[in-house]
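Peer 1: predicted model follows, preceded by the sequence.
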Amino acid sequence: MTGRQADVIVVGAGPSGSACAAELARQGVDVLLLHDGTHAVDSVETTQPGATGVITSILGPVLGPPHSTVPGARSSWADPSLVETDFLFDPSDGAWAVERRAFDAAARDAAVERGARLVSARVTSVEREGDAWQVCAADGELFGAGFLVDATGRAGAIVRRLGARVERHDGLVAMVGEGCPGPDARDGTLVESVEDGWWYATTLGDRVSVGLVTHADLLPPAGERDAVWRVLLGQTRHLRSVVSVNEDVFVRTRRADTSVTEPMHGDGWLAVGDAAAAWDPLSSQGLTAGILLAGRAARAIVAGSDALEEWQDDVRMLVEDTVGLQREYYEMETRWPDAPFWRQWERLD
Ligand SMILES: Cc1cc2nc3c(=O)[nH]c(=O)nc-3n(C[C@H](O)[C@H](O)[C@H](O)COP(=O)(O)OP(=O)(O)OC[C@H]3O[C@@H](n4cnc5c(N)ncnc54)[C@H](O)[C@@H]3O)c2cc1C
């Protein structure tokens, strides 16, 4: 055996990887958390209402400034008017608008506080030698462990190599940019459905992350994307007054489909977070579900194979429930029956 050794190696130090490492360490497992030093997500996102307990039970007090609680969400869906959903009437606590760079850094710190060893490494290859994994980083450093966790986000960089496949339930993609608050901005999310899909704008202080979620087949050519995005943003009824974007705004395209990796675990390995199951951003559940299920995955690793099977069944069930709910929401929007985005959706039935 060569290189640094541990019981478990977690590859990827986004929120799910850090949550998994934190919970493993809390269970007394010797865990290495490998962080490639990049920020896969550098935007403002919102948690689900009632997420505080889930997040703090695994990561401790990571919610606080610069993040902010939000009193509700605003949406224009299936109707041109803007509707307020007030979380104050939610029996659980409210939602949070989180700045992902700061949140991800705090989650990594929490994992370290619980005893995980954080190492800077971009993993380029993994190999199974008997009962042990040998992990190689881009700089040639080697690591070894008996169990490997893939927390590399939608890339699923490890599990794809191990033969797991992704089942996509839809073809959603998001064109995402950044702006400043407009006159009607306030912390939290505003969602507005349009002929080509739906827009969201999530505000936190002086930052607004804004995106158009559409179908991959409907993406404008790469060279025209920034300009088309700006024009379509200007055509929104409500959203354009909560965000102001520069002429030179740079739009990134992100996969936004609901998808599940099959299988999610195998002999000595498991996937967590988006690498296991990823969600339509309309659900705002990526962070919360990722952290919750990563904590549960950590406990299942410690408990053994029956617990891992149960955990996998639970994730599959959550995906099925989400797909059902997602479809109900999209079917509510009937204003553009002939538009390819909404027609395409109906074809999934
Ligand atoms: C448009 C859009 C809007 C969204 N809005 C919300 C929202 O409002 N609320 C919400 O809860 N969710 C939202 N989500 C979902 C949320 O962003 C994800 O669910 C969340 O980031 C998943 O966390 P993760 O830790 O699984 O993966 P990631 O955050 O993707 O982290 C993976 C980490 O692994 C690292 N990595 C990758 N490859 C390697 C490698 N080879 N070696 C080492 N490290 C590696 C990456 O750099 C990264 O640090 C949104 C998603 C999209 C597409």
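Peer 2: That came through, no problem.
Peer 1: what's the closest non-adjacent residue to the most centrally placed residue in the chain?
Peer 2: In the chain, the centroid-proximal residue (C-alpha atoms, centre = their mean) is Gly286; its distance is 3.8 Å. In this structure, Gly286 finds its nearest non-sequential neighbour in Trp279, 5.3 Å apart by C-beta to C-beta, 6 or more residues apart in numbering. Any C-beta I mention is one placed from the backbone N, CA and C, and that applies to glycine too.
Peer 1: cool, and Ala155?
Peer 2: Ala275 (7.3 Å).
Peer 1: spell out which parts of the stretch 101-250 of the chain neighbour the ligand.
Peer 2: Contact residues, the stretch 101-250 of the chain versus the ligand (C-beta under 6 Å from any ligand atom): Arg122, Val123, Ala151, Thr152, Gly153, Ala155, Ala157, Ala174, Val176, Thr202, Gly211.
Peer 1: closest to Arg74 among the residues you listed?
Peer 2: Thr202 (11.1 Å; C-beta to C-beta).
Peer 1: please, which helix or strand holds that closest one?
Peer 2: strand 197-204 (DSSP states H and E).
Peer 1: domains of this structure?
Peer 2: Per automatic domain parsing, the structural domains of the chain span 4-68+96-168+258-325, 172-255.
Peer 1: report the buried residues of the helix or strand hosting Met175.
Peer 2: Per DSSP H and E: Met175 is located in strand 172-181. Of the residues in strand 172-181, Leu172, Val173, Ala174, Met175, Val176, Gly177, Glu178, Gly179, Pro181 count as buried by neighbour count, 16 or more other C-beta atoms under 10 Å.
Peer 1: and what of stretch 289-304?
Peer 2: For stretch 289-304, the neighbour count (16+ other C-beta under 10 Å) marks 289-298, 300-302 as buried.
Peer 1: what sits against Thr265?
Peer 2: For residue 265 the amino acid is His, not Thr. Ala271, Leu308, Trp311, Gln312 (C-beta atoms under 8 Å, 6 or more residues apart in numbering).
Peer 1: ok, now Val41?
Peer 2: Gly14, Arg100, Asp104.
Peer 1: could you do Leu172 as well?
Peer 2: Contact analysis of Leu172 by C-beta under 8 Å, 6+ apart lists Gly197, Val213, Thr214, His215, Ala216, Arg255, Ala256, Asp257, Thr258, Asp280.
Peer 1: for the nearest residue to the first one once chain neighbours are set aside, give me the pLDDT.
Peer 2: In other words, Gly197. Nearest residue to Gly197, sequence neighbours excluded (C-beta to C-beta, 6+ apart): Thr214, at 3.6 Å. pLDDT recorded at Thr214 is 97.
Peer 1: pull the distance from stretch 209-219 to the chain's centre.
Peer 2: Put simply, stretch 209-219 sits 16 Å off its chain's centre (C-alpha atoms, centre = their mean, to the nearest Å).
Peer 1: flag every buried residue along that stretch.
Peer 2: Ser209, Val210, Gly211, Leu212, Val213, Thr214, His215.
Peer 1: picking that back up, direction included, what does the strand holding Met175 pair up with?
Peer 2: Paired neighbours of strand 172-181 in the sheet (DSSP bridges): strand 207-215 (antiparallel), strand 243-244 (antiparallel), strand 252-255 (antiparallel).
Peer 1: residues in contact with the helix or strand following the last one?
Peer 2: Next along the chain after strand 252-255, taking DSSP H and E as the criterion, comes strand 259-262. Here strand 259-262 makes contact (C-beta under 8 Å, 6+ apart) with 154, 156, 159, 164-169, 271, 275-278, 315-316, 319.
Peer 1: show me which of these are buried.
Peer 2: 154, 156, 159, 164, 166, 169, 271, 275-278, 315-316, 319.
Peer 1: in strands, which of these appear?
Peer 2: Taking DSSP state E, the ones among the buried ones among the contacts of strand 259-262 that sit in strands are Val166, Ala271, Ala277, Ala278.
Peer 1: quick check, nearest of those residues to the ligand?
Peer 2: When those are ranked by distance to the ligand (C-beta to the nearest ligand atom), Ala278 comes first, at 6.2 Å.
Peer 1: I figured that closest one hits Ala289, correct?
Peer 2: No. Using C-beta atoms under 8 Å, Ala278 is not in contact with Ala289; the gap is 9.6 Å.
Peer 1: ok, now which ones touch whichever residue of the stretch 1-150 of the chain sits closest to the ligand?
Peer 2: Residue nearest to the ligand within the stretch 1-150 of the chain: Gly14 (2.2 Å; C-beta to the nearest ligand atom). If you count contacts by C-beta under 8 Å, 6+ apart, Gly14 has them with Ala40, Val41, Asp104, Ala107, Ala151, Gly153, Gly273, Asp274, Gly290.
Peer 1: in three-state terms, label Ala22 for me.
Peer 2: Using DSSP: H, G, I helix; E, B strand; the rest coil, the structure places Ala22 in helix.
Peer 1: now the helices for the stretch 1-150 of the chain?
Peer 2: For the stretch 1-150 of the chain, the helices defined by DSSP state H, counting those that start in this stretch occupy 15-26, 52-59, 100-113.
Peer 1: please work out which of these is packed deepest.
Peer 2: Per-stretch averages of neighbours, counted by mean count of other C-beta atoms under 10 Å, single out helix 15-26 among the helices of the stretch 1-150 of the chain, with a mean of 30.
Peer 1: now for that helix, which elements pack on it?
Peer 2: strand 4-11, strand 31-35, helix 52-59, helix 100-113, helix 286-303 (3 or more C-beta pairs under 8 Å, 6 or more residues apart in numbering; DSSP states H and E).
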